[in-house]
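Engineer: here is a sequence together with a model predicted from it:
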Amino acid sequence: MNRKRFIQTSTLVAIGTQFSINSKLLSLFSYENIEIENLLGLSQSHLKSDTILLEKDTYEAFLEMKSKALEDRIDLRIASGYRSFKHQKAIWERKFNQLIKTHNSTKAISEIITYSSIPGTSRHHWGTEVDLIDDYVNLPDGDLLMEENYHGNGPFSKMRSWMDENAENFGFELVYTKNKNRSGFNYEPWHYSFAPKSKSFLKLQLQENYKKAWGNLKFDGKSKLTKKFMDSYFNDYGTGINPSLMPS
Ligand SMILES: [Zn+2]
C-alpha cells in the first residue's frame, strides 16, 4: 500500500472508530436524499453552504419568510440553526460532567434533557430547525432564549405574534408548543421547524435502522442511557411535538 493510500485508509478507519457506524447500515439507509449521517449530525451534505447553515429547502423558505417579516419591521435572526453531532456532544458533555459531580446519573440526565437533546438525536442536526430572535429590537442582556422574552412586554413578543399568524404560510411550525398534554421538551417559543422537510427526517428517525446507528455513537455518559430509557426517550421526546410536524 502506498503512503497516500495508507493515509486515506487510516483516516477512514479513524472516522469509523470514532463513530463506529456500520457501513452496511449506511447503505441501507437513505430516503428522499437524506442519509443517516445527515440525521446524526455527522455530515453537512444536505445543507446549503452559506453564511447560514440550513437544509437547502429550509434555507430558501426562511429567506422568503425573513423578507416578508421585514415589511412589518421584524428582523428574524437565527440564534441557532444547524448543529453538528460534535457541537451537541460538547454541549451534552459540558452539562453532564458538571452535573455528575453532585447528582446521580439518572438525575443528571433528566436535568439535561429538560432543554438539551442527547447527541445524535437533536432536530438541530437536520438543518430544518431554527431558534429565532428579533434583531429589529434592542437585545436584552443575558440569555435570549427565555420564555419571558417572547411573551407580554418581552422584546420578542411582537415577533412571536407575527410568527403565530404567518409562519405556517412559509412551512414553519412551532415544535415544542405550550400544550400541557405534550410529552418531551419544555415549551420553546423560539424553536421553529420547516415542516415539509423535517417530517421526512422524523420519519427516518423513527426507524430501527436509525436507532441501531445511533447506538454506535460515543459520548460521555452514554453507558448510562439504557435501551429501555432510550426507547421511551425516542417516543416521548421524538414525538412529543406539535402534531403538524408528525410524518404521515
Ligand atoms: Zn432549538
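Structural biologist: Okay, I see it.
Engineer: now stretch 143-152: buried residues?
Structural biologist: 144-145, 149-150 (16 or more other C-beta atoms under 10 Å). C-beta coordinates here come from the backbone N, C-alpha and C atoms, glycine included.
Engineer: same question, stretch 155-173
Structural biologist: Buried residues in stretch 155-173, counting neighbours by 16+ other C-beta under 10 Å, are found at 155-160, 162-163, 167, 170-173.
Engineer: okay, these in CSV with secondary structure, pLDDT and distance to K89 next?
Structural biologist: As requested, the buried residues of stretch 155-173 are arranged in CSV below (DSSP: H, G, I helix; E, B strand; the rest coil; pLDDT from 0 to 100; distance: C-beta to C-beta, whole Å):
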residue, secondary structure, pLDDT, distance to K89
P155, coil, 97, 32
F156, coil, 98, 29
S157, helix, 98, 34
K158, helix, 98, 36
M159, helix, 98, 31
R160, helix, 98, 31
W162, helix, 98, 34
M163, helix, 98, 30
A167, helix, 98, 30
F170, helix, 97, 31
G171, coil, 97, 29
F172, strand, 98, 27
E173, strand, 98, 27
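Engineer: farthest pair within these?
Structural biologist: Spatially, the most separated pair among the buried residues of stretch 155-173 is P155 and G171, at 25.6 Å (C-beta to C-beta).
Engineer: what about the residue nearest the centre of the chain, which SS state?
Structural biologist: Geometric centre of the chain, nearest residue: H124, 1.9 Å, by C-alpha atoms, centre = their mean. Following DSSP: H, G, I helix; E, B strand; the rest coil, the label given to H124 is helix.
Engineer: now do the contacts for it.
Structural biologist: The neighbours of H124, taking C-beta atoms under 8 Å, 6 or more residues apart in numbering as the test, are 41, 80-83, 88, 117.
Engineer: rewinding a little: with distance to the ion as extra columns, can I get the buried residues of stretch 155-173 in JSON lines?
Structural biologist: Formatted as JSON lines, those follow (distance: C-beta to the ion, whole Å):
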{"residue": "P155", "distance to the ion": "18"}
{"residue": "F156", "distance to the ion": "14"}
{"residue": "S157", "distance to the ion": "19"}
{"residue": "K158", "distance to the ion": "20"}
{"residue": "M159", "distance to the ion": "15"}
{"residue": "R160", "distance to the ion": "15"}
{"residue": "W162", "distance to the ion": "19"}
{"residue": "M163", "distance to the ion": "14"}
{"residue": "A167", "distance to the ion": "14"}
{"residue": "F170", "distance to the ion": "18"}
{"residue": "G171", "distance to the ion": "17"}
{"residue": "F172", "distance to the ion": "13"}
{"residue": "E173", "distance to the ion": "13"}
